[in-house]
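*Asks:* no sequence on this one, just coordinates:
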């Protein structure tokens with residue numbers, strides 16, 4: 001978690017982050033525990049639990065005052081996690097919360113650090129057209145991918161095919177869009193050319209002029225930039241730093257470890273079309289990744305709560321269905337970029353085909369896109 005913040009962050013966010021750094025995208029849930037509900041000392045068991053958590057995630061604080069504050073936040077979060085898990089069955093939740101690398105953060109701090117609303121005009125998500133540009137010109141008709149057939153396989157997991165690199169960590173930079181973009185290019189290259197190569201998110205952060213570095217972006221714009229640039233470098237050639245406002249390393253722009261012919265947007269608000277797209281390759285999507293439950297997700301099929309204020313880019317690398325004995329819920333397999341210390345080793349399973357939600361849970365079907373090769 002050594003990455004730094006973007007200098008473009010708003011003052012409120014910077015104040016929250018400065019406090020923290022000094023020490024080191026439906027169902028009812030329990031009420032959120034207020035700050036005053038936890039005393040400075042929360043009992044020997046909680047203190048010991050905090051000690052073990054710090055050791056597991058290699059967390060330390062520079063000042064005793066900051067450690068006390070972080071202990072209070074940790075204790076409140078643990079109590080919320082346990083209360084939510086206790087009420088899960090009655091509340092209709094199909095997942096569990098747990099301690100992660102971010103249990104010492106308030107949800108406000110977490111949101112400020114790890115999400116960033118992409119700069120997109122309000123009507124862009126409903127635009128049925130797709131910009132597909134190569135150095136040689138358009139490659140096909142500019143239209144969205146629409147496939148409503150039931151011909152897709154019952155389950156897909158591109159990890160099993162070796163088309164997904166290990167979970168990465170964006171750090172404290174709003175570069176999720178770059179990670180989801182790189183993941184889909186890595187995937188299609190493995191599928192089409194048989195080689196899995198870890199590609200450079202930092203090249204997009206530094207050089208992609210269509211997006212905003214650590215202040216957010218959109219995967220289909222990043223795919224357009226990669227196409228126009230003629231390709232993208234490896235992570236080894238252009239390492240990730242998570243820093244904003246650093247000059248583009250132009251010497252590496254011609255080091256193309258992967259090239260794409262263009263990109264296509266999936267028809268918006270169509271989980272059927274998204275499933276058919278994912279059957280062919282990993283797909284970049286945007287979701288609303290807010291709220292305490294998302295922050296503390298640990299395992300199971302996430303079924304909310306969340307809305308459609310898209311603020312986080314992730315990658316759908318497959319889909320499947322729980323056994324009937326476990327509820328039979330259909331789900332998307334989603335690769336995140338918050339490291340393996342979050343969620344289910346860095347992944348989350350999100351409920352698929354939610355009745356009455358053509359946009360999908362957390363807006364997952366609003367803005368999908370994938371590269372052409």
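*Replies:* All right, it came through fine. Just so you know, these numbers come straight off a predicted model, no measurement behind them. Residues are numbered from 1 along each chain as shown.
*Asks:* strands of the stretch 51-200 of the chain, start to end?
*Replies:* 95-97, 133-134, 137-138, 156-157 (DSSP state E, counting those that start in this stretch).
*Asks:* out of those strands, point me to the one whose mean pLDDT is lowest.
*Replies:* Of all these, strand 133-134 carries the lowest average pLDDT, namely a mean of 34.
*Asks:* confirm for me that residue 116 is in contact with residue 215.
*Replies:* Yes: between residue 116 and residue 215 there is a contact under C-beta atoms under 8 Å: 5.9 Å. Backbone N, C-alpha and C define where each C-beta goes, glycine included.
*Asks:* what touches both of these two?
*Replies:* Residues touching both residue 116 and residue 215 (C-beta atoms under 8 Å, 6 or more residues apart in numbering) are residue 174.
*Asks:* neighbour count winner among the two?
*Replies:* More crowded of residue 116 and residue 215, by other C-beta atoms under 10 Å: residue 116, with 27 against 21.
*Asks:* which pLDDT value belongs to the more buried one?
*Replies:* 80.
*Asks:* also the one 10 residues further on?
*Replies:* For residue 126, the pLDDT comes out at 56.
*Asks:* three-state assignment of residue 263?
*Replies:* Here residue 263 is strand, with the state taken from DSSP: H, G, I helix; E, B strand; the rest coil.
*Asks:* state the three-state secondary structure for the closest residue to it other than its chain neighbours.
*Replies:* Nearest residue to residue 263, sequence neighbours excluded (C-beta to C-beta, 6 or more residues apart in numbering): residue 223, at 3.7 Å. Residue 223 falls in the helix class when you classify it by three-state DSSP.
*Asks:* verify the contact between residue 223 and residue 371 for me.
*Replies:* Yes: Residue 223 is within contact range of residue 371, at 5.3 Å (criterion: C-beta under 8 Å).
*Asks:* shared neighbours of the two, anything?
*Replies:* What both residue 223 and residue 371 touch, as defined by C-beta under 8 Å, 6+ apart, is the set 184-185, 260, 262-263.
*Asks:* could these be laid out in JSON lines, adding pLDDT, neighbour count and distance to residue 338?
*Replies:* As requested, the shared contacts of residue 223 and residue 371 are exported to JSON lines (pLDDT from 0 to 100; neighbours: other C-beta atoms under 10 Å; distance: C-beta to C-beta, whole Å):
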{"residue": "184", "pLDDT": "98", "neighbour count": "29", "distance to residue 338": "18"}
{"residue": "185", "pLDDT": "98", "neighbour count": "28", "distance to residue 338": "20"}
{"residue": "260", "pLDDT": "98", "neighbour count": "22", "distance to residue 338": "26"}
{"residue": "262", "pLDDT": "96", "neighbour count": "21", "distance to residue 338": "29"}
{"residue": "263", "pLDDT": "96", "neighbour count": "28", "distance to residue 338": "25"}
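*Asks:* quick one: which of those residues is nearest to residue 242?
*Replies:* Nearest to residue 242 among the shared contacts of residue 223 and residue 371 is residue 185, at 19.4 Å by C-beta to C-beta.
*Asks:* distance check, the closest one against residue 218.
*Replies:* 15 Å (C-beta to C-beta, to the nearest Å).
*Asks:* over to residue 352?
*Replies:* For residue 352 relative to residue 218 (C-beta to C-beta), the value is 23 Å.
*Asks:* the more surrounded of those two?
*Replies:* Neighbours were counted for residue 352 and for residue 218 using other C-beta under 10 Å; residue 218 has more, 25 against 22.
*Asks:* that one and residue 177 touch, don't they?
*Replies:* Yes: Residue 218 lies in contact with residue 177 (C-beta under 8 Å); the separation is 5.9 Å.
*Asks:* farthest-apart pair in the shared contacts of residue 223 and residue 371, please.
*Replies:* 184 and 262 (12.8 Å).
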